[in-house]
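Trainee: following is a predicted model, sequence given first.
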Amino acid sequence: MIIAFSVAPAVTNESADMADAVAEAVRVVRESGLPNETNAMFTLIEGEWDEVMGVVKRATDAVLAVSPRASLVLKADIRPGYEGQLMRKVAAVEERLRG
């Protein structure tokens, strides 16, 4: 499965606090060892249901460690039996754009 999620503090003192909290959430994702990428809006992570959801929870907990309230947005592509889709989906679109 691929999860696209965004987690951020709902309460901060300054914009720097927001970036610090998000950085800690992204650190959790990267340390998980699962395939992932981060862009301006979301972090994507690929793996099995329990491991991916566990990473999302730990990333949310990292934000809650610095803020009394967090906002979490989550979208999932659940496709049992498929791996490597994080890169393969983008490659399919790029192939069509070249062709």
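Mentor: Perfect, I can see it now.
Trainee: under the pLDDT cut-off, which ranges of the chain? List them.
Mentor: 13-16 (pLDDT under 70).
Trainee: so which residue is dead centre in it?
Mentor: Thr43 (2.9 Å; Cα atoms, centre = their mean).
Trainee: show me the residues around it that make contact.
Mentor: For Thr43, the contacting residues are Ala4, Phe5, Ser6, Ala25, Val26, Val29, Asn36, Glu37, Ala59, taking Cβ atoms under 8 Å, 6 or more residues apart in numbering as the criterion. From N, CA and C alone the C-beta is placed, and that goes for glycine too.
Trainee: again with Glu46
Mentor: The contact partners of Glu46, by Cβ under 8 Å, 6+ apart, come to Met1, Ile2, Ile3, Leu34, Pro35, Asn36, Val52, Glu83, Gly84, Gln85, Leu86.
Trainee: what about 6 Å?
Mentor: For Glu46, the contacting residues are Ile2, Pro35, Leu86, by Cβ atoms under 6 Å, 6 or more residues apart in numbering.
Trainee: out of the residues you listed, the closest to Asp77 would be?
Mentor: For Asp77, the closest of those turns out to be Ile2, at 4.5 Å, with distances computed as Cβ to Cβ.
Trainee: how near is the nearest residue to the closest one once chain neighbours are set aside to Arg27?
Mentor: Sequence neighbours aside, Asp77 is the residue nearest to Ile2 in space, at 4.5 Å (criterion: Cβ to Cβ, 6 or more residues apart in numbering). If you measure Asp77 against Arg27 using Cβ to Cβ, to the nearest Å, the figure is 24 Å.
Trainee: mind listing what's buried along stretch 35-49?
Mentor: Residues of stretch 35-49 classed as buried by neighbour count (16 or more other Cβ atoms under 10 Å): Asn36, Thr38, Phe42, Thr43, Leu44, Ile45, Glu46, Gly47.
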